[in-house]
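J.: just coords:
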């Protein structure tokens, strides 16, 4: 017969069904005759039953999706195209552009020292960093628009109109805001609005590009 | 049942791989609860787990192209979560935390105003209080159902070490819950 | 290892096969989990979802001419309702879906031009459309409502509300939310109601007119910012705007020992604060 310390060491594997038949029989035999090891086995089984009663999932205390969406848009999606994986082309371009764009604008806004009163003589390097990423943004926007063009015949006229009108509205808004920013380069609120509008444009373009036919 | 659920996921996964974020959001809504409970129990930290859950989905989106349906999406996603948690722990100094009792499970005992502890809550607290190594193996093995070999692949532990940690975890939990 | 969930609700997917030639009536019901996730997808027409005390999901209404079928599947605690359109159909009419779900359900609705209307649910809502209107009421703890051009109206008893559009009007009525975010590029934004003691209202628009009506005795920290719009506020001492630059107004002030935060930002839209 086995001794208790050996059985105690084997109990976990026994409860998990990992012991060989022969060993399992020996352990069972010991348990049958030993109250304290029987108690231990019962405790382990009882613990596992309680685990089985635990809830499967937890309800998040807030909607995590916006943070996820932001994380996705901030970082290029998936492996680089052309490595055997199907090209994600315009999507990667857009997402990459958004990264550069977002980090440029955000860095500028966040990198500001805390006090709101800022010097009028702000160096124009800040404005430069915003416009440095614009070519990337515009490229991404162009390729997304091209992708949208391909899908245009598949979309209903109403949807096409809604998308085009809203893109035009955002473009107009961006133009106004950017020219205002030139007059007031230190305006953090304006920079935030511009960034938010850029992101909405990209989001709309991404959404439009993944609409099913007849949408 | 699992089969039909998997088919539902398959369609959304196929669409998400092509860049359809609306489909990916559906996947998030369907799997967020489980990913969150996994992260929360592995770390013993309910509130920090939400960031880890977010990171898991972002990483899942990025890695979606390498998921070829060799397993159910849920299994693959949970492995992503485990890696996110283990990677994060490696790069951060972790201090032991007691599990914060923000309302977790839907309709949870945590919001019981009488303050009466429920057996489930006692168990969650006890698991959160385990030493890190033991807690991880316990959650992966007994809560999530991974084998010692799978735990070894995910975390680099030898099977023997994994078993020893499990033994220790169960021992400590039995004492805590007596 | 998890045991199987206590309420297992399994139903084989039953597909309604329809002729393409005519509109078809829908009348289906399936048992579902009391607090599960319901996902609805309908391109055009309308989607109306109401919570009820039964433990079923019921779908009624009409499937538009040209639709291929309605997919209505329950697996575990997840219910999926989708109007499926054929690949090559030219003219497809909208489908009007009237859906009843267990009142603790969480809901996810996605449409293109179909209007979305939701009431009576105590689970979180995620609603989005391109050109359809989105409207929600009921005790949902969290609401995310988004339309590109349609109006967005949220009148729920939520902790958190995110209501966004591009060119549509955005309206939020709240009894005591903790966090309200409203955003659009153009179109009126209207907030009515109260926030919790540590709550926040964040409104952001380019040219939309923002009107917020809140209790007269609200104790809060206000930050009202516009580039070329006008600010008119019933709260705080009028005047004394801090200017940030050559153009633009930025009013920052506290009323009482404000833990609540009101943060409104526009480019050219006017900001109007009303005390009730």
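T.: Cool, got the structure. Everything numeric in this text was worked out from a predicted model, so none of it was measured.

J.: got any ranges where chain B has weak pLDDT?
T.: B:1-7, B:92-117 (pLDDT under 70).

J.: quick one, helices of it?
T.: Secondary structure of chain B by DSSP state H: the helices cover B:2-17, B:21-43, B:46-63, B:73-90, B:119-128, B:132-138, B:148-155, B:159-177.

J.: and residue C:183, which of those is closest to it?
T.: Residue C:183 lies closest to helix B:21-43 among those, at 18.0 Å (CB to CB). Just so you know, the C-beta spots here come from the backbone N, C-alpha and C atoms, and that holds for glycine as well.

J.: Report the angle between that closest one and helix B:46-63.
T.: Interaxial angle, helix B:21-43 versus helix B:46-63 (axes from the mean of the first three to the mean of the last three CA atoms, to 10 degrees): 140 degrees.

J.: what's the angle between helix B:21-43 and helix B:119-128?
T.: Using the same axes, to 10 degrees: helix B:21-43 against helix B:119-128 is 70 degrees.

J.: what's the neighbour count on residue B:47?
T.: 12 (other CB atoms under 10 Å in any protein chain shown).

J.: ugh, wrong one, residue B:158
T.: Neighbourhood size, residue B:158 [other CB under 10 Å]: 10.

J.: Contact partners for it?
T.: When contacts are counted by CB atoms under 8 Å, 6 or more residues apart in numbering or on different chains, residue B:158 touches residue B:152.

J.: Can you give me the first-to-last residue distance of stretch C:200-214?
T.: End-to-end span of stretch C:200-214 (CA to CA, to the nearest Å): 12 Å.

J.: how much space is there between the residue nearest the centre of chain B and residue B:161?
T.: Note on chain B: the residue nearest the mean C-alpha position is residue B:38, at 1.5 Å, using CA atoms, centre = their mean. To residue B:161, residue B:38 is 21 Å away according to CB to CB, to the nearest Å.

J.: List phi and psi for residue A:57.
T.: Dihedral angles of residue A:57 (phi, psi; degrees, to the nearest 10) stand at phi -130, psi 160.

J.: Hmm, residue B:37 and it touching each other?
T.: Yes. In this structure, residue A:57 is within contact of residue B:37 by CB atoms under 8 Å, at 5.0 Å.

J.: who's more crowded, these two?
T.: Counted by other CB under 10 Å, residue A:57 and residue B:37 do not tie: residue B:37 has more neighbours, with 26 against 18.

J.: Now for the more buried one: which residues touch it?
T.: Residue B:37 is in contact with A:55-58, B:104, counting by CB under 8 Å, 6+ apart.

J.: Which members of the residues you listed additionally contact chain C?
T.: Among the contacts of residue B:37, the ones lying near chain C by CB under 8 Å from any CB of the partner chain are residue A:56.

J.: Of the contacts of residue B:37, which is the nearest to residue B:29?
T.: Among the contacts of residue B:37, residue A:57 lies closest to residue B:29 (CB to CB), at 11.3 Å.

J.: Just the buried residues of the helix or strand where residue A:167 lies, please?
T.: For residue A:167, the enclosing helix or strand under DSSP states H and E is helix A:157-183. Residues of helix A:157-183 classed as buried by neighbour count (16 or more other CB atoms under 10 Å in any protein chain shown): A:159-160, A:162-163, A:166-167, A:169-170, A:173-174, A:176-178, A:180-181.

J.: Please name the nearest non-neighbouring residue to the closest residue to chain A within chain B.
T.: Closest approach of chain B to chain A (CB to the nearest CB) occurs at residue B:33, with a separation of 2.5 Å. Closest residue to residue B:33 apart from its sequence neighbours, by CB to CB, 6 or more residues apart in numbering or on different chains: residue A:57 at 2.5 Å.

J.: quick one, what contacts the one you found?
T.: Counting by CB under 8 Å, 6+ apart, residue A:57 makes contact with B:32-34, B:36-37, B:105.

J.: swap in residue A:173?
T.: Contacts for residue A:173 (CB under 8 Å, 6+ apart) come out as A:197, C:185-186, C:206-207, C:267.

J.: let's see it at 6 Å
T.: Counting by CB atoms under 6 Å, 6 or more residues apart in numbering or on different chains, residue A:173 makes contact with A:197, C:185, C:206.
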